[in-house]
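> the sequence isn't on hand, but the structure is:
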């Protein structure tokens, strides 16, 4: 299946990358001096991000061609995506060059972010083949695409466009009516004008405004729209109560943007009815719990890079002590998020190892393998791991890991983690051989003396303890006997 | 440390939960009939979500008390949070009851979402102790809190407030100047008015508007503010170029909200300078890559619940085939996201097991353990797992899992997964014993006949293959010899 990309700026290149990585051949027309370089850069970004969203491989990538004429690009394409500057005279010239070569049944889609399709259709000799498909940057990652037609647009064309867009992993939002700016950009423009006023007034800087977005309501916006959010603010009584409680604030001078429709009974009725239909009978509490689970999962996902709220949690966490008790070091203690549970209704097996991995990091960090030590070129890699699942763990359970050092001699350290559930029952054991390496050569190498001594000291301190039940065991041992009595609560 | 919560609606209860779970004793005054029930519900939500953000335990929760008088609540509290309705006469009465009991050095913070602190201070006999601390719902999860004072507010008080808020895991955004509505709500109000117009005009429904937010720019807003986003849209030339390219669209009639400041040289200069300072010399490409990594991590985090963009990916993924080749079933194939890598610059050990867990699910699903089979009450739990790490894997690598069934008899299935890197090198083996269970009793139980037959058939089909190298091995085997030659590229 061939697609033509006419105009290869940030948006055109994003479209090209998305189509390519979903298996389409893509033919690009853009005579700008930077077009090919930009395409390469955008494609590199897309290749290293889009496939990573999936737990399945995308189709083999299609073929990418830069061509010298619009005719070449458009011939045999079933989808032509126009992403040229937002000036009608430019679009007119481009459409005039496209239309003679547009295959029967092919579709001409414009990326315009503001112009009504009826105005664009006036530029065409076959207006019924043009549709607006307005994406959001980065096109290869964000799913939204606004699909807009005019009175002239056959409903079947909208449906076909939506189907194609879904097949490349997008979320087509098909509007029933055209308007200037569609939905997303009208909302963003409204915010944008308000930010310009804030800067003008000196109320806030660009950085402060961005913080107000990404640490606050911006987090909500990725998992719930504004109506559903305000429905929750209204409490059990829903949208009508929200208006009763907050409606008046809409006419107070919070904003420079004061033109607001009369909040009459008809408008309140319409919103309340649509909002009821949208929430489909879910209770406020259910919706809140779903919101919270999403917020936790998202904020956790931002922790590794320390972005936005993820950075806030990391900074806070650095001040939280890991309380020690008992004879073995407590190397991890944490509460299980709902996103760690699976179809069986308990914590998924992989997170047992994730926690044990964190525990090993905490133990070696305590022995001197700090961020600075790692940055200077040495670290531990794991060579081998054996997990025995002994009890189920559930969302909200606090889990504690205690780690015994069986062997701590230079290059090799043999750890035995015991994972305890909320009532101190043994939920799993994780036996782990970690190897000290040189990060430049990736080869096994002696640790620096302070680390070697610290690990050895732990081994000595634990030497009086009995060898743990299950250490050194292999799966074949279990394999040869009936398992019911020994592993009655595996995970 | 004691905190007083005056007014326990959704916001007050959210504050109470956040303080409590961060170790503070909390004394609540709210005589409303629903206050205690709401507090219990909000606290239940907070308990099952806030601690799950952390990889460390929060401090032991403080003590919660509902008290009958403001005096009782406020006495000995070092922080008093007022969250009563936004009417000056109500706040006046509340402040009059609070102030006589406010300890020396204690701070009176208002949750007002719109009223300037100077107006609230006019209601106080000690105006210099009042400050605005405006949070966002849910207060126990969203880090943002706008901290606003007036001319009367000592800078040290703002600093002290920010320190306390940080200590309970929040992101205080300290404004230099007061204004009506602060930042976050001015932006939300601007959007909100625009949505009301859309509904009024019949351009879109509440559900469509919410989709336009959460599948599109809302995703960006959780990890990057509007200025930084638009800076990227401007390309390498930064903010000035953005205005050159997009500035005019601000005066087109996209919106009903038309009052826009003159985009004169002074305003452009101010924004460009602030934006330069904010981006701190990071290149556009660096910023784009960071953005993409965050978007991938966030969208992936929304997959388990199928929320927003996470649902889009899941729906798309369901149509992606797992291409089979070779004699063993391909049970997983995927690209490694950057969020799966760790401080050693390679895929973290836990994700090897995550992929193997997915592979086991795919294999058993192919044998009849489908979502419907699980919903009907039977599934597999993992009893034991042995991982040998043989080669490093990196961001962007495609990984393929082939699974051999060593034993597939009724209750017990013995799997041997081989994980291959992008050049088909063996990156790890994951040996796994899975046990078929009854989900009601959580006990081991025979599978239904179709599943039993399908697993047995796989065992038979693989019976001619040699027993895999490493199957049935224990860590002790490795432990007794020098490891360099056999595990030179462990992870």
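Nice, thanks for sending it over. Since we're looking at a predicted model, the values are computed, not measured. Numbering: from 1, shown residues only, chains lettered A, B, ... in the order given.

> and the nearest residue to residue A:461 once chain neighbours are set aside, which of the three is it?
Residue nearest to residue A:461 in three dimensions, not counting chain neighbours: residue A:405, with 7.8 Å by CB to CB, 6 or more residues apart in numbering or on different chains. Using the backbone N, CA and C atoms, a C-beta is placed for each residue, glycine as well. What DSSP: H, G, I helix; E, B strand; the rest coil gives for residue A:405 is strand.

> where's residue A:35 relative to residue A:212, distance?
Per CB to CB, to the nearest Å, residue A:35 is found 37 Å from residue A:212.

> those two: which is more packed in?
residue A:212 (29 against 19; other CB atoms under 10 Å in any protein chain shown).

> show me the beta-bridge partners of the residue nearest to residue A:461.
residue A:415 (DSSP bridges).

> contacts only, for it.
By CB atoms under 8 Å, 6 or more residues apart in numbering or on different chains, the contact set of residue A:405 is A:363, A:413, A:414, A:415, A:416, A:455, A:458, A:459, A:461, A:462.

> can I assume residue A:86 sits in a helix?
No - counting by three-state DSSP, residue A:86 is not found in a helix; it is coil.

> quick one: it and residue A:115 touch, right?
Yes - if you go by CB atoms under 8 Å, residue A:86 and residue A:115 touch, sitting 6.5 Å apart.

> who has more neighbours, those two?
Set residue A:86 next to residue A:115 and count neighbours by other CB under 10 Å: residue A:115 wins out with 22 against 17.

> quick check, the more buried one in a helix?
No - per three-state DSSP, residue A:115 lies outside any helix segment and is coil.

> so for it, what's the pLDDT?
Residue A:115 is assigned 92 on the pLDDT scale.

> from residue B:322, how far off is it?
42 Å.

> same thing with residue A:143?
22 Å.

> more neighbours, those two?
residue A:143 (30 against 17).

> check contacts around that one.
Contacts of residue A:143 (CB under 8 Å, 6+ apart): A:169, A:170, A:171, B:215, B:216, B:309, B:312, B:313.

> so where's the stretch 151-300 of chain A uncertain?
A:235-238, A:245-264, A:267-268, A:270-272, A:274-275, A:278-280 (pLDDT under 70).

> can you map out the strands along it?
A:171-174 (DSSP state E, counting those that start in this stretch).

> interface residues of the stretch 1-150 of chain A facing chain B?
By CB under 8 Å from any CB of the partner chain, the residues of the stretch 1-150 of chain A that approach chain B are A:10, A:41, A:45, A:47-49, A:51-59, A:86, A:113-114, A:136-138, A:141-144, A:146.

> repeat the analysis, applying 7 Å as the threshold.
A:10, A:41, A:45, A:48-49, A:51-58, A:114, A:136-138, A:141-144 (CB under 7 Å from any CB of the partner chain).

> please pick the buried ones from these.
A:10, A:41, A:45, A:48-49, A:51-58, A:114, A:136-138, A:141-144 (16 or more other CB atoms under 10 Å in any protein chain shown).

> mind listing the helices for the stretch 201-350 of chain A?
Using DSSP state H, counting those that start in this stretch, the helices assigned to the stretch 201-350 of chain A run over residues A:206-212, A:218-221, A:226-233, A:238-246, A:265-279, A:284-301, A:309-317, A:349-366.

> most tightly packed of these?
helix A:218-221 (a mean of 28; mean count of other CB atoms under 10 Å in any protein chain shown).

> how much space between the residue nearest to residue A:461 and residue A:367?
Distance from residue A:405 to residue A:367, by CB to CB: 9 Å.

> need the buried ones from the contacts of residue A:405 selected in PyMOL.
To isolate the buried members of the contacts of residue A:405 in PyMOL, using 16+ other CB under 10 Å:
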select buried, chain A and resi 363+413+414+415+416+455+458+459+462
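
> any idea which of the contacts of residue A:405 is closest to chain B?
residue A:414 (6.0 Å; CB to the nearest CB).

> okay, now the domains of chain A?
Per the record, chain A has its domains at A:2-174, A:185-290, A:322-479, by automatic domain parsing.

> mind checking which of those domains is nearest residue B:243?
Across the domains of chain A, residue B:243 has its closest neighbour in domain A:185-290 (10.3 Å, CB to CB).

> gap between the two ends of the closest one?
27 Å (CA to CA, to the nearest Å).

> what does stretch A:326-333 give?
First-to-last distance for stretch A:326-333 - CA to CA - comes to 14 Å.

> so for that stretch, what gets flagged as buried?
Those would be A:328, A:329, A:330, A:331, A:332, A:333, for stretch A:326-333 by 16+ other CB under 10 Å.
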